[in-house]
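Visitor: Provide a 3D model corresponding to the input given below.
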Amino acid sequence: MALRNGGGGKARRQLGSGLNIGHLFQGHALNAVDAKGRVSVPASFRALIEKRAEAHGLDKDNTLMIGEHAGGACLTALDAVASDEFDQQLREGVAELPAAERLGALEMARVDAFGSLEPVKFDGAGRMVLSPMLRAVGEIEDLAFFLGAGSTIQIWNPQKALAAFPEGSRNRKVLAFLLAERGIAA
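Guide: Below you'll find the predicted structure:
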């Protein structure tokens, strides 16, 4: 990571992928999920998805690839940029293998990483529908806790998040506050 002067005298951290620190998903939101699985992608995340696509010369795409997080505790959502970055990481992960093994290993890694992801479109207001399968996998019920995780977004069942976050962690405190605002004990 290098510092770069972005004009105006302020230095910005430049990430290895060409994105700057302002292109990372940061923050949180607790949004309602209706009986059909409709939920809103937080406005700050929607704006960042567009900004990230623009920074990479991609067309605006209101699609997230959503599936079970590798840790299994929540859902993970990737925009087009994160999907490309993840594929690059997979290629780098097999680069040291002998040529005869590389292609097969890359194919298996891609199938494991991308095969269970589901494309989910959101409209101009950010509304998307989490399929019954995604809701079941993430145990998402009437609330979804969105958490920025750098190049990806995590979508949690709030109660599972409370159980997973260490006592006293910042994210646990934020979520407890958001739940209390809705009259729900943490």
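Visitor: So for stretch 93-109, what gets flagged as buried?
Guide: The neighbour-count check on stretch 93-109 (16 or more other CB atoms under 10 Å) flags 94, 106, 109 as buried. No exception for glycine: its C-beta is placed from N, CA and C like everyone else's.
Visitor: Give me the average confidence score over it.
Guide: Computed over stretch 93-109, the mean pLDDT rounds to 93.
Visitor: Mind listing what's buried along stretch 76-91?
Guide: Across stretch 76-91, burial judged by 16+ other CB under 10 Å covers 76-83, 85-86, 90.
Visitor: that older thread, mind listing which of the buried residues of stretch 93-109 are in helices?
Guide: Among the buried residues of stretch 93-109, the residues falling in helices (DSSP state H) are 94, 106, 109.
Visitor: Turn the buried residues of stretch 76-91 into CSV, including distance to Ala144, pLDDT and secondary structure.
Guide: Converted to CSV, those look like this (distance: CB to CB, whole Å; pLDDT from 0 to 100; DSSP: H, G, I helix; E, B strand; the rest coil):
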residue, distance to Ala144, pLDDT, secondary structure
Thr76, 13, 97, strand
Ala77, 11, 98, strand
Leu78, 16, 96, strand
Asp79, 17, 96, coil
Ala80, 21, 93, helix
Val81, 22, 93, helix
Ala82, 19, 93, helix
Ser83, 21, 92, helix
Glu85, 24, 90, helix
Phe86, 22, 91, helix
Leu90, 28, 93, helix
